[in-house]
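K.L.:
got a predicted structure here, sequence first:
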Amino acid sequence: MTDTVVGTGPKARAAEPDARPFALVRHSLLLAGRSLVKTRRNPGILLDALLMPIMFLLLFVYLFGGAVSGSTQEYLQYIFPGVLVMTMVLAGMISVGVAINVDIKKGVFDRFRSLPIGRSAPLVGLVISDGPRYVVTGVVLFATGYLMGFRVETGVPAALAAVGLSAALGFALSWVNVLIGVLIKEETVVQTVAFLGIFPLTFGTSMAVPPETLPGWLRAWVDVNPVDRAVEACRGLLVGGPVADAATATLLWAAGFLAVFAPLAVYAYRRRS
């Protein structure tokens with residue numbers, strides 16, 4: 001990829017994008033590598049991915065296990081799939097919006113505009129560079145769950161499918177946070193808005209309690225919440241039960257989020273000066 005710059009300053013005219021086949025993929029991967037170098041030099045960036053699964057699993061199981069199920073071991077088997085989905089969604093949404101906002105404010109993305117790369121490459125590269133965050137989150141969660149007594153009742157392929165399904169939803173939802181990071185100018189506001197959106201999605205599910213115990217208005221939200229479909233699918237994949245309908249719904253929702261919010265984020269990025 002050439003590094004020729006056409007013009008100077010934040011409104012420099014962008015060079016013609018590389019029209020060779022798969023150019024966008026190559027450019028996105030190169031920019032993802034840039035972000036991964038930053039992570040390697042500052043591994044503390046992954047601290048939330050390391051601590052979040054441990055904290056959530058310990059708190060939920062030992063605070064609510066006895067009250068909800070009468071047994072922490074039984075409750076661990078019930079809640080683990082939901083915590084998997086929640087931590088994967090959080091892993092995809094917590095940092096990316098803030099990272100994009102900071103890079104835009106520092107002028108990093110203005111320099112990208114002057115390179116002959118696809119306009120979406122900087123955003124795609126930053127999003128896919130969160131791959132290690134998903135891996136760390138999944139490994140730590142399963143290791144913690146195993147030490148606490150959780151056991152997969154279906155098999156390794158099904159467990160990997162559960163991780164992949166929840167990560168796919170997290171990746172798709174991360175584009176919502178990308179859009180927020182591009183539109184909002186203050187990073188603290190980006191983080192606040194992201195958390196306000198995350199909590200109804202992740203906690204308004206059957207993750208912690210059976211849906212039949214919920215009041216009517218909350219049950220109505222659970223019934224239409226796409227994250228709850230992922231929780232149901234992962235519960236079936238990890239401990240047994242129906243999978244097909246919930247997994248299909250999760251993939252359709254993920255595709256929908258990606259189809260809507262990725263183009264909107266790219267459009268907002270191109271419009272922002």
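P.N.:
All right, it came through fine. Being a predicted model, the structure only gives us computed values, none of them experimental.
K.L.:
grab the most central residue of this structure for me.
P.N.:
residue 92 (1.9 Å; Cα atoms, centre = their mean).
K.L.:
so that one touches residue 178, yeah?
P.N.:
No - counting by Cβ atoms under 8 Å, no contact exists between residue 92 and residue 178, whose distance comes to 10.0 Å. (Glycine included, C-beta is placed from N, CA and C.)
K.L.:
give me the neighbour count for residue 161.
P.N.:
By other Cβ atoms under 10 Å, the residues close to residue 161 number 18.
K.L.:
how many residues are close by residue 146?
P.N.:
Residue 146 - counted by other Cβ under 10 Å - has 11 other residues nearby.
K.L.:
and it, what is it in contact with?
P.N.:
By Cβ atoms under 8 Å, 6 or more residues apart in numbering, the contact list for residue 146 is empty.
K.L.:
how near is it to residue 81?
P.N.:
According to Cβ to Cβ, to the nearest Å, residue 146 stands 14 Å off from residue 81.
K.L.:
got it, and residue 48?
P.N.:
Following Cβ to Cβ, the distance that separates residue 48 from residue 81 is 21 Å.
K.L.:
of those two, who's got more company?
P.N.:
residue 81 (25 against 18).
K.L.:
pLDDT below threshold where in the stretch 1-150 of the chain?
P.N.:
Along the stretch 1-150 of the chain, the parts satisfying pLDDT under 70 run over 1-22, 38-45.
K.L.:
same thing but at 50, please
P.N.:
The stretch 1-150 of the chain contains residues with pLDDT under 50 at 1-14, 21.
K.L.:
how about the strands in it?
P.N.:
Remark: no strands are assigned in the stretch 1-150 of the chain by DSSP state E, counting those that start in this stretch.
K.L.:
now do the helices in it.
P.N.:
23-41, 47-69, 72-93, 96-105, 108-113, 121-128, 131-148 (DSSP state H, counting those that start in this stretch).
K.L.:
who are the packing partners of the first one?
P.N.:
Of the remaining helices and strands, those touching helix 23-41 by 3 or more Cβ pairs under 8 Å, 6 or more residues apart in numbering; DSSP states H and E are helix 121-128, helix 131-148.
K.L.:
could you rerun that using 6 Å?
P.N.:
Applying 3 or more Cβ pairs under 6 Å, 6 or more residues apart in numbering; DSSP states H and E, one finds that helix 23-41 contacts helix 121-128.
K.L.:
who's in contact with the helix it packs on?
P.N.:
24, 27-28, 31-32, 35, 96, 100, 109, 112, 174, 178, 265 (Cβ atoms under 6 Å, 6 or more residues apart in numbering).
K.L.:
reformat those as TSV; add distance to residue 188 and neighbour count.
P.N.:
Putting the contacts of helix 121-128 into TSV (distance: Cβ to Cβ, whole Å; neighbours: other Cβ atoms under 10 Å) gives the following:
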residue	distance to residue 188	neighbour count
24	32	18
27	31	23
28	28	23
31	25	22
32	26	20
35	21	22
96	16	27
100	14	26
109	19	18
112	24	21
174	19	29
178	17	27
265	20	26
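K.L.:
re earlier: of all the helices of the stretch 1-150 of the chain, which lies closest to residue 206?
P.N.:
helix 72-93 (7.1 Å; Cβ to Cβ).
K.L.:
what residues does that closest one touch?
P.N.:
Contacts of helix 72-93 (Cβ under 6 Å, 6+ apart): 49, 52-53, 56-57, 60-61, 65, 68-69, 133-134, 137, 141, 145, 148-150, 166-167, 170-171, 173-174, 177, 194, 198, 202, 207, 230-231, 234-235, 238-239.
K.L.:
just the buried ones from these?
P.N.:
49, 52-53, 56-57, 60-61, 65, 68-69, 133-134, 137, 141, 145, 148, 150, 166-167, 170-171, 173-174, 177, 194, 198, 202, 207, 230-231, 234-235, 238-239 (16 or more other Cβ atoms under 10 Å).
K.L.:
related to what we said a few turns ago, would you list the helices of the stretch 1-150 of the chain in JSON lines and tack on distance to residue 219?
P.N.:
Shown next, in JSON lines, are these (distance: least, Cβ to Cβ, whole Å):
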{"stretch": "helix 23-41", "distance to residue 219": "40"}
{"stretch": "helix 47-69", "distance to residue 219": "17"}
{"stretch": "helix 72-93", "distance to residue 219": "16"}
{"stretch": "helix 96-105", "distance to residue 219": "30"}
{"stretch": "helix 108-113", "distance to residue 219": "43"}
{"stretch": "helix 121-128", "distance to residue 219": "33"}
{"stretch": "helix 131-148", "distance to residue 219": "27"}
